[in-house]
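*Asks:* model this:
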Amino acid sequence: MASKQIIKPAGSAPAVGPYNHAVRVGDLLFCAGQIPLDPATGNLVAGDIKVQTERVLQNIQAILEDQKLTFAHVVKTTVFLTNLGDFAGMNEVYAKHFTGDYPARSTIQVAALPKGAQVEIEVVAHY
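*Replies:* Got it, this is the predicted structure:
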């Protein structure tokens, strides 16, 4: 059985609960859902869905880079939106980070997200 390695990137905002930023098991990296927290302050960034999605993807990029991975290594994403009406704006920013062979994706509308975020994204990457 593959061992479990806990990933806590130094440049990431602290977790807002009892979880880790990511867990590696074998050749897979499971990243916890990221919300648009500024890593310097730990506060939610102000702005519309595009601004918040950009911050979320920057937070995911920091986790991937910590593991010497890129968005090209991502095989699955799950996007949580508090308003599916924001899908087009989120998708515009998302498409700038995921190019070429896109990962599989699910998008779900939820009633609320931590700290009042409009978007949360989790990813699974392959080494």
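
*Asks:* So which bits of the longest helix along the chain are buried?
*Replies:* Secondary structure of the chain read by DSSP state H shows that its longest helix is helix 49-66. Neighbour-count burial for helix 49-66 flags 49, 51-57, 59-60, 62-64, 66 (criterion: 16 or more other C-beta atoms under 10 Å). Every C-beta, even on glycine, is put in place using the N, C-alpha and C of the backbone.

*Asks:* which strands and helices sit next to it?
*Replies:* Applying 3 or more C-beta pairs under 8 Å, 6 or more residues apart in numbering; DSSP states H and E, one finds that helix 49-66 contacts strand 28-34, helix 87-97, strand 119-126.

*Asks:* among these, which is nearest residue 71?
*Replies:* With C-beta to C-beta as the criterion, residue 71 lies closest to helix 87-97 of the helices and strands packed on helix 49-66, at 5.2 Å.

*Asks:* what's next to the closest one, contact-wise?
*Replies:* 48-50, 53-54, 57, 61, 71, 79, 81, 107, 119, 121 (C-beta atoms under 8 Å, 6 or more residues apart in numbering).

*Asks:* How about stretch 17-32?
*Replies:* Outside stretch 17-32, the residues that touch it by C-beta under 8 Å, 6+ apart are 2-9, 12, 15, 60, 63-64, 67, 69, 73, 114, 122-127.

*Asks:* Quick check on these: which are buried?
*Replies:* Neighbour counting over the contacts of stretch 17-32 (16+ other C-beta under 10 Å) leaves 7, 9, 12, 60, 63-64, 67, 69, 73, 122-125 as the buried ones.

*Asks:* isn't residue 86 right up against residue 49?
*Replies:* Yes: counting by C-beta atoms under 8 Å, residue 86 does reach residue 49; the two are 4.0 Å apart.

*Asks:* Quick check: neighbours shared by those two?
*Replies:* 118-119.

*Asks:* In the chain, where is pLDDT below threshold?
*Replies:* Along the chain, the model assigns pLDDT under 70 to no residue.

*Asks:* if you set the cut-off to 80 instead, what comes out?
*Replies:* Within the chain, the segments meeting pLDDT under 80 span 1.

*Asks:* Export the buried residues of helix 49-66 to a markdown table and append columns for distance to residue 91.
*Replies:* What follows is the buried residues of helix 49-66, written out as a markdown table (distance: C-beta to C-beta, whole Å):
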| residue | distance to residue 91 |
| --- | --- |
| 49 | 10 |
| 51 | 15 |
| 52 | 13 |
| 53 | 9 |
| 54 | 13 |
| 55 | 16 |
| 56 | 13 |
| 57 | 12 |
| 59 | 18 |
| 60 | 16 |
| 62 | 22 |
| 63 | 21 |
| 64 | 20 |
| 66 | 26 |
